[in-house]
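[1] take a look and give me a structure for this.
(one chain, ligands or ions: 1)
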Amino acid sequence: MLTCAKSIGELALLLMRANTAHPVHEIIATRRSPRSLAPEAALSDIEIISILEAARWAPSAFNGQPWRFFLGKNGDATFTQILSSLEPFNQGWAKNASVLILVAAKTTRDDGSIHADFQYDTALAVAQMVFEVHNLGYVAHQMTGFNRESAQSALDIPRDLVPVVVVAIGKQDHADKLAPALAEREVAARTRKPLTEIVLRGLPV
Ligand SMILES: Cc1cc2nc3c(=O)[nH]c(=O)nc-3n(C[C@H](O)[C@H](O)[C@H](O)COP(=O)(O)O)c2cc1C
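    Just a heads-up that it's a prediction; the model follows:
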């Protein structure tokens, strides 16, 4: 896309935009997972509730809604507990997030039977959360690089739930605030496998 940015904000958005091979909604093209987060930023409670509400309205098998959320705001005890469960690499940048959400899931249905689709359903809820975060002008970065056992005990997560993912949410900051190797990754173009590799049958030619 050959366009001239009129401001730093616009330039940042252009850098974030995926070079999609076919047109898609702007929110899909511009969402990405940055690591440079502004430590002084904060989300309002209204914004936080909107993000959770977006996740709440995700579809799920038999409308089972197995997702459960543990949310910490930077500086509170829940934030510190989630942060402490992250791998050191993730701690290094996620400490500047405004909000950390540990997403857990119920592995059994309300009738006690095994919920075979709990991971699938929960990922859908996180996807909706992430798009709402982006819609509100913040960024979200999902992480499975955390210790589930230490998260479970630090947060006192009931044993009928399993921790699935941690989502860091915040305001994107300048890439050059990261260490050089990470800064380079931060501004690299987003890439994906071509449709010809992932659509094994039925791709229109
Ligand atoms: C399930 C999941 C786990 C991830 N875990 C980590 C992680 O532990 N640390 C990290 O820095 N990024 C993590 N990521 C971010 C991915 O690396 C990132 O989404 C991917 O490189 C594509 O980049 P994009 O989201 O900017 O398009 C994770 C993403 C997902 C969906």
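[2] most residues in a single strand of this structure, which one?
    The single longest strand within the chain, with elements called by DSSP state E, is strand 161-170.
[3] next helix or strand past it?
    Next along the chain after strand 161-170, taking DSSP states H and E as the criterion, comes helix 180-187.
[4] what about that next one, distance to the chain center?
    Here the centre of helix 180-187 is set off from its chain's centre by 19 Å, with Cα atoms, centre = their mean, to the nearest Å.
[5] next, the buried residues of that helix.
    By 16 or more other Cβ atoms under 10 Å, the buried positions in helix 180-187 come out as 183, 186. To be clear about C-beta, it is placed using only N, CA and C from the backbone, and glycine gets the same treatment.
[6] do the same with stretch 154-161
    Within stretch 154-161, the residues scored as buried using 16+ other Cβ under 10 Å are 154, 155, 157, 161.
[7] how close does the second one sit to the ligand?
    When you say that, I think you mean residue 155. From residue 155 over to the ligand the distance is 18 Å, taken as Cβ to the nearest ligand atom, to the nearest Å.
[8] that residue against residue 102, yeah?
    Yes. With contact defined as Cβ atoms under 8 Å, residue 155 reaches residue 102; the gap is 6.4 Å.
[9] now the common contact residues for those two.
    70, 82, 85 (Cβ atoms under 8 Å, 6 or more residues apart in numbering).
[10] nearest spatial neighbour of the residue of the chain at minimum distance from the ligand, skipping sequence neighbours?
    In the chain, the residue that lies nearest the ligand is residue 145 (2.7 Å; Cβ to the nearest ligand atom). Take residue 145 and drop its neighbours on the chain: the residue closest to it by Cβ to Cβ, 6 or more residues apart in numbering is residue 87, 4.2 Å away.
[11] break this protein into its domains for me.
    For the chain, automatic domain parsing gives the domain ranges 1-30, 34-191.
[12] which of the ones you listed sits most buried?
    Sort the domains of the chain by mean neighbour count, taking mean count of other Cβ atoms under 10 Å, and domain 34-191 sits at the top with a mean of 17.
[13] and the one helix or strand residue 101 maps to, how far from the chain's centre?
    Secondary structure assignment for residue 101, by DSSP H and E: strand 99-106. With Cα atoms, centre = their mean as the basis, strand 99-106 stands 10 Å off its chain's centre.
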